[in-house]
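Enquirer: output the structure for:
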Amino acid sequence: MGDNTVSNMWNDVYGHLFNMYKRAYSDGPVLSQTDLYLLNTDLQLNPILQGTNPGFHLLFNLVTGSTGGFNPEARDRDLLFTQKDEPATLPRVTQLIIITELSPWCTIVQNERGVTMSDVCTTIWKEYTENYVSEQEFNTLPPRLQEHVKRAAANNQQAANNWAMYYNTPAPPSRYKRVDWLRDKIYFDGLTKKDTYSASRLGFKAPNIFVMCLAS
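Expert: So this is what the prediction gives:
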């Protein structure tokens, strides 16, 4: 089987998935938390959130909240995140629970009309930039990692206030946001299922619990 044949085959597959998600935006049921647990339905993540869409790789910066993307075969051209209002999963659900191995927090994404990819990105960004690390949480880190968080906080403050930097130099932050805890791992790198890890973190596993991967 030639390369072109394989490429066309995958394009057909992802074209079918794209149409399926497009139809699901307005059609199909939206499962509540109770429905989901009673039915124990497996959820299919949108390929963009899995990082498996061959024509669009999501670029999501947790510090600035900016979203965009690129085609892996044409990396020199930035793409808009026009698919952001597509469902995050099929079937659609009213709630997703997102954890990561790089932080102790749990992000709950909610939308009664069905969680979209935009909901996922916006909620994660707000969760990590609007909430601060408590003193007790900070003190659980060894001194070396505390210094890394402090440096990350200064860098993130500069990135988030890029235009203001032209006019004044802000004082180093005295409090640290959750995004600072991630240090250099500030780029979304997909969602995945890890039931064993989810159960160890939360005490239970469920179809709508996903683990967020992050990259620098």
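
Enquirer: okay, now the unreliable bits of this protein?
Expert: The model of the chain has pLDDT under 70 over residues 1-27, 160-172.

Enquirer: and if we set it to 80?
Expert: For the chain, applying pLDDT under 80 flags the ranges 1-28, 159-174.

Enquirer: all strands of it, in order?
Expert: Ranges of strands in the chain, per DSSP state E, are 30-31, 44-45, 57-60, 67-71, 74-79, 89-90, 92-93, 95-99, 106-110, 187-192, 209-215.

Enquirer: now those strands in CSV, with distance to Glu130 and mean neighbour count?
Expert: The way it works is simple: take the backbone N, C-alpha and C, and place the C-beta from them, glycine included. What follows is the strands of the chain, written out as CSV (distance: least, Cβ to Cβ, whole Å; neighbours: other Cβ atoms under 10 Å):
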stretch, distance to Glu130, mean neighbour count
strand 30-31, 27, 19
strand 44-45, 25, 18
strand 57-60, 16, 20
strand 67-71, 17, 16
strand 74-79, 27, 10
strand 89-90, 25, 24
strand 92-93, 24, 23
strand 95-99, 16, 19
strand 106-110, 12, 16
strand 187-192, 17, 18
strand 209-215, 17, 19
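
Enquirer: for Ala159, find the nearest of the ones you listed.
Expert: strand 187-192 (12.2 Å; Cβ to Cβ).

Enquirer: what does that closest one contact?
Expert: 45, 49-51, 58-62, 98, 120-121, 124, 210-216 (Cβ atoms under 8 Å, 6 or more residues apart in numbering).

Enquirer: same deal with stretch 78-88?
Expert: Taking Cβ under 8 Å, 6+ apart as the rule, stretch 78-88 contacts 21-22, 24-25, 45-46, 48-49, 56, 58, 67-71, 96, 109, 114-121.
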